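> turn this into a model:
(one chain, ligands or ions: 1)
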Amino acid sequence: MSKPTVVFDIDGVLADFTYGFTRAVTNDPRSQGTQETWDFEWKPEIIRSTWKHIDRSKTFWYDLPPLVTPAEAVEMQRLHSARGIIYLTGRREGDENNVAGQTYAWMVKHDLPLGRIVLTDDKIATIRELGLNPVGIIDDKPDLVMDFAMAAYPIYVRDWRYNRELPTQGLRQGIILAGNVHRVSSVGEFVSRVQSGQS
Ligand SMILES: [Mg+2]
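Prediction:
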């Protein structure tokens, strides 16, 4: 078994994607460090053209505001030294806009640990392929959190309005997920629970 690792999602956990996305559409961002939603009410063509803009932008990912405080960044550095951190993100490379490079520079800008950054559309497959032994995984997306829970990974969900229905969804599918998903209100809480080996 490989060395224990802590797995961080980026958007909705460390970075306020909603701020960037709504600012790209309206110049009037609706989120201020609160990652309000992943559901946008605009017409599909507006969503598509915004993604086109994002896929060309050399600064979109670099400019996202953090959802972590400087003190939490220090705690993450400690965790990285002790356990090793890896970032798994659903971000995808765009049109020569170096998403991985922007993400790396964003980590530097916010003094976050420089763990490996992997762009993937299948996080569980990536964990298996890399032979990781996660002692804690944090994500915000309901579907993904449920997949991790069903695969018996130590999954923590960063609490936001849009993922509060999660245990109910799990129960509806006949799967008792409530006890397998640990809900945390901040990255700091996640880090301290993983550090202390508390689930
Ligand atoms: Mg996310």
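
> doesn't residue 159 make contact with residue 182?
No: counting by C-beta atoms under 8 Å, residue 182 stays clear of residue 159, with 10.2 Å between them. In short, each C-beta sits where N, CA and C put it, glycine included.

> so those two - more neighbours on which side?
Neighbour count, other C-beta atoms under 10 Å: between residue 182 and residue 159, residue 182 has more, with 18 against 14.

> return the residues of the protein in contact with the ion.
By C-beta under 5 Å from the ion, the residues of the chain that approach the ion are 9, 11-12, 140-141.

> give me that answer again for 8 Å
Contact residues, the chain versus the ion (C-beta under 8 Å from the ion): 9-13, 17, 89-90, 139-141, 144.

> so which of the residues you listed are in strands?
89, 139 (DSSP state E).

> any quick PyMOL command for the buried ones out of the residues of the chain next to the ion?
To isolate the buried members of the residues of the chain next to the ion in PyMOL, using 16 or more other C-beta atoms under 10 Å:
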select buried, resi 9+10+11+12+13+17+89+90+139+140+141+144
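
> residue boundaries of the helices in this structure?
17-26, 44-56, 70-82, 99-109, 123-129, 142-150, 166-172, 187-195 (DSSP state H).

> where among the ones you listed is average confidence lowest?
The stretch with the lowest average pLDDT out of those is helix 166-172, scoring a mean of 59.

> thinking again about what came up before, which of the residues of the chain next to the ion sit farthest apart?
Using C-beta to C-beta, the two most remote members of these are 17 and 144, lying 14.4 Å apart.

> measure the closest residue to the ion within the chain to residue 58 for me?
Per C-beta to the ion, residue 12 is where the chain lies closest to the ion, at 3.6 Å. Using C-beta to C-beta, to the nearest Å, residue 12 is found at 22 Å from residue 58.

> residue 60 touches residue 23, doesn't it?
No: using C-beta under 8 Å, residue 60 is not in contact with residue 23, being 9.5 Å away.

> looking at those two, which is more packed in?
residue 60 (21 against 17).
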